[in-house]
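A.B. asks: Any chance you can model this:
(2 chains)
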Amino acid sequence: MANGQSSIHFNNDRTRKAVEITLLSAPALILFLGLVIAPVFMAAYYGFFKWKGYGSPTANGQFVGFQNYAIILSDPSFQQAVLHNFIIVVLSLVTQGPLAILFALLINQKFKGRTLIRTLIFVPYVISDVITGTGFSLMFQTQGAINDFLAKIGLGSVEWLSDPKTAIWTLMFVLAWKYIGFAVILMLAGMQSIPEELYEAAKVDGASFWQCQWRITLPLLGPTIRLWAFLSIIGSLQLFDMVYIIWGQYISSTAGTSTMATYMALEGRLAGNYGYGSAVAVVLFLISLVIALTYQHFALNRDLDGALTEAAEQRKAAKKTNKRGVARMATATGTE
Amino acid sequence: MKFRKIAAVITSAAMLASMAACGTGGSSAKNADGKTVITMWHITTDSKRKEYWEGLAKSYEEAHPDVSIELQAIQSEDFDGKLQTALQDPESAPDIFIERGGGKLQDQIAAGQVMDLTDKLDSSVKTSMKSALGGFTVDSKIYGVPYAISPGGIWYSKDLFAQAGIDTLPTTMEELNQTAQKLKDAGITPVALGAKDAWPAAHWWYWFALRECPASVFAETMTSKKFDDPCYLKASNDLKAFADTNPFQEGFLTTSVAQGAASSAGLIANHKAAMELMGSWEVSSVKSLTADGQPLQDLGFFPFPSVSGGKGDTSAMMGGMDGFAVAQWAPSQAVDFLNYIASTDNQKTYYSYFNGIPANADAQGVIDSSTMKDVLSAYKNASSMSLWLDSQFGQNVGNALNTGVVNMLAGKGSPEDIIAGTNQAAAKE
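C.D. replies: As a prediction, this is how the structure comes out:
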């Protein structure tokens, strides 16, 4: 019995902890490695083949090295898609950001019906993308509700969806409608953490409402704004569903709203070129990664700094408690 | 404490083992009752029509108690992607699945995924399906059995034609242009077009190419995928000239083909437009969008008109084919069930459920609507029957062709760009 006990007993606390961590994180780790990391590497592998998706790439495809990448980068419709993505990134930041802050400021004031408006502004974000997309695509049709309304009040009709000059603005409107609620909630949360004393002190000093917002709220809202901008940029780069639903599978490039992701779906999955599509996925991944890392390095780092040092402090604190734990365990085994 | 540790080790080991087991498990060919299980994937999601396949499976199971047939209806748009993924692993793949011929069938053959049925089909099926089986024959081997053929052409509203004072159906492009003008004069949109789905617009180009190109050139392009012959540029120019007369409804670019009343089929169903170029499934798409859900009584059909100076045969037809293929690894009963589906009696009932043309020539006599009779006679008198070009060329070149046509119609590309785009796409394959 004593022997069995010693074999199952871990010789020290560190191994015990290591085993525990491995066991507890294994399911999550396996899922993450299997469903996130492995597919990235598989896509990179497939990207070197011309392959129609039937059978295996080595048997039914043809190894072509970097040829897929050369075609992607020289394909004018991919370049257009990238351009659209960047337009969407910039316009989202420029339009949604200030609007969200203004909305948040408004909702942050005390007035009647505030809770109702808070809820309503968040509703579009909760509605599924498919419903939003289908609804707007029906309303913005040439013979749809919006043109009907414009005709009734005596204005001409507009090609909301099919004219490349207008379509991207229609898309921006739908995106703003859909995602502004999320930005507002973030900003509101950020505003809650600004100490009330600052405003009181400013008021005592005779600052006006707008001065307060400009000199206190905005600077202290910095971390929130930077975080929101990060999420918005990543979302804009990966934008797919709204375009795919409103413009369908084929005509987004004609209407000037194609994105890298819709290009990937069209040229990879719909065209049955799984090798080429995988290469597009890798390019999309790299572009997003480079932008995300750059942004993190230049903008997010100072916000994360605090978080990281905090974690380090926690680690130190945890070590201390561990030592205490060991002591306690020693006494426990002693009494056993 | 000891017990807890052991328990933790055991549970986590069990968890890992069960995860690993997911990879090796799966269905075996026989179920618990010792019956051979055949899985079949079809694309009939409509609850009423689905009963056709369910009925066939049931009657077959009654005659063959050792077989169990599992049907799965998959939305047509999702079908290709799902099938492609499933075919990667025989365990997850269906035994019988929808096949439409062309480039995709060739890819499946190259990957060794479809069964050669040449020696396995009933001789009666081979004779009664002779003309239709050609679409599923590659290198003189038969790889699938069609159940329906859907030739294309122009569908029109007899009432709206009468309203515009049109008493003869157009047989040439000039006459079609005059017809469109008369309709416009009467305040009727001449042609409905669902360009959001790209292929309905491209069908116009396909037909112009079929009428412009000599049969030999056209047949050669089917395998070479090269559009060097000047007849293809002429086809692009024909379509450009036709589109420049503004025959289509406003906002055709964002109109879908059959989703709701604002779709192109919906415009026909509600008498908002007079004509649409479409395969013979038009009858049922329109039916589902009429106000009362009944077939459109005044829906007529005429073949695609000839073009002046065109070198193609004016009777040549184009269309689609729906059929089934059998997976390489499927049990022999799967082929037997296909023979059963293709038998003349079962093909006759196909018409009563689907109102489409059964592939079995002996069953085609059951067609009773005058419109479908017109389609059938155009099909029977055709000098050739080509597959829709996007099916024929495979998705890649087919998609590039389709989007090229849409771009031109939207004013974003030239007739030359259509052909340049297909060559660009070929490089991605």
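
A.B. asks: ok now do the residue nearest to A:L284 when sequence neighbours are not counted, which residues does it touch?
C.D. replies: Excluding its sequence neighbours, the residue lying closest to A:L284 (Cβ to Cβ, 6 or more residues apart in numbering or on different chains) is A:M260, at 4.7 Å. C-beta: built from backbone N, CA, C; applies to glycine. Neighbouring residues of A:M260 by Cβ atoms under 8 Å, 6 or more residues apart in numbering or on different chains: A:F78, A:A81, A:V82, A:N85, A:L237, A:V280, A:V283, A:L284, A:I287.

A.B. asks: Repeat the analysis, applying 6 Å as the threshold.
C.D. replies: A:A81, A:N85, A:L284 (Cβ atoms under 6 Å, 6 or more residues apart in numbering or on different chains).

A.B. asks: Please indicate which of the residues you listed are buried?
C.D. replies: Among these, those classed as buried by neighbour count (16 or more other Cβ atoms under 10 Å in any protein chain shown) are A:A81, A:N85, A:L284.

A.B. asks: Near chain B, which residues of the stretch 201-336 of chain A are found?
C.D. replies: Contact residues (Cβ under 6 Å from any Cβ of the partner chain) of the stretch 201-336 of chain A with chain B: A:G248, A:Y250, A:I251, A:T254, A:L270, A:A271, A:G272, A:N273, A:Y276.

A.B. asks: quick one: which of the residues you listed has the most company?
C.D. replies: The most crowded member of those, judged by other Cβ atoms under 10 Å in any protein chain shown, is A:Y276 (31 neighbours).

A.B. asks: That residue should be in a helix, yeah?
C.D. replies: Yes: counting by DSSP: H, G, I helix; E, B strand; the rest coil, A:Y276 is located in a helix.

A.B. asks: List the buried residues of stretch A:161-180.
C.D. replies: By neighbour count with 16+ other Cβ under 10 Å, stretch A:161-180 contains the buried residues A:161-164, A:166-168, A:170-172, A:174-176, A:178-180.

A.B. asks: and chain B, which of those residues reach it?
C.D. replies: A:L161, A:S162.

A.B. asks: Mind checking which of the buried residues of stretch A:161-180 are in helices?
C.D. replies: Judged by DSSP state H, helices contain the following of the buried residues of stretch A:161-180: A:164, A:166-168, A:170-172, A:174-176, A:178-180.

A.B. asks: Give me the pLDDT for the closest residue to chain B within the stretch 51-200 of chain A.
C.D. replies: Taking Cβ to the nearest Cβ, chain B has its nearest neighbour within the stretch 51-200 of chain A at A:T142, 2.5 Å off. A:T142 is assigned a predicted lDDT (pLDDT) of 84.

A.B. asks: for the helix or strand A:A100 falls within, which positions count as buried?
C.D. replies: Using DSSP states H and E, A:A100 sits in helix A:97-108. Using 16+ other Cβ under 10 Å as the test for burial, helix A:97-108 gives A:G97, A:A100, A:I101, A:F103, A:A104, A:L105, A:I107, A:N108.

A.B. asks: need the next SSE after that helix, C-terminal direction.
C.D. replies: Moving toward the C-terminus from helix A:97-108, the first helix or strand encountered (DSSP H and E) is helix A:114-126.

A.B. asks: Show me what that next one is packed up against.
C.D. replies: Contacts defined by 3 or more Cβ pairs under 6 Å, 6 or more residues apart in numbering or on different chains; DSSP states H and E place helix A:114-126 against helix A:164-192.

A.B. asks: What angle do helix A:114-126 and the helix it packs on make with each other?
C.D. replies: In terms of direction (axes from the mean of the first three to the mean of the last three Cα atoms, to 10 degrees), helix A:164-192 departs from helix A:114-126 by 130 degrees.

A.B. asks: Flag every buried residue along the very next helix or strand once past helix A:164-192.
C.D. replies: Sequence order places helix A:196-204 as the next helix or strand after helix A:164-192, per DSSP H and E. Residues of helix A:196-204 classed as buried by neighbour count (16+ other Cβ under 10 Å): A:Y199, A:A202.

A.B. asks: and what of stretch A:72-89?
C.D. replies: By neighbour count with 16+ other Cβ under 10 Å, stretch A:72-89 contains the buried residues A:I72, A:D75, A:S77, A:F78, A:Q80, A:A81, A:V82, A:H84, A:N85, A:I87, A:I88, A:V89.

A.B. asks: The buried residues of helix A:97-108 into JSON lines, with extra columns for distance to chain B?
C.D. replies: Formatted as JSON lines, the buried residues of helix A:97-108 follow (distance: Cβ to the nearest Cβ, whole Å):
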{"residue": "A:G97", "distance to chain B": "30"}
{"residue": "A:A100", "distance to chain B": "30"}
{"residue": "A:I101", "distance to chain B": "34"}
{"residue": "A:F103", "distance to chain B": "31"}
{"residue": "A:A104", "distance to chain B": "35"}
{"residue": "A:L105", "distance to chain B": "37"}
{"residue": "A:I107", "distance to chain B": "35"}
{"residue": "A:N108", "distance to chain B": "40"}
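
A.B. asks: Turn these into JSON lines, including pLDDT.
C.D. replies: Formatted as JSON lines, the buried residues of helix A:97-108 follow (pLDDT from 0 to 100):
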{"residue": "A:G97", "pLDDT": "94"}
{"residue": "A:A100", "pLDDT": "95"}
{"residue": "A:I101", "pLDDT": "94"}
{"residue": "A:F103", "pLDDT": "92"}
{"residue": "A:A104", "pLDDT": "93"}
{"residue": "A:L105", "pLDDT": "91"}
{"residue": "A:I107", "pLDDT": "90"}
{"residue": "A:N108", "pLDDT": "88"}
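
A.B. asks: and the residue of the stretch 51-200 of chain A closest to chain B, what does it touch?
C.D. replies: Residues in contact with A:T142 (Cβ under 6 Å, 6+ apart) are B:E250, B:G251.

A.B. asks: can you do 8 Å?
C.D. replies: Listed by Cβ under 8 Å, 6+ apart, the contact partners of A:T142 are A:S157, A:E159, A:W160, A:L161, A:S162, B:E250, B:G251, B:T254.
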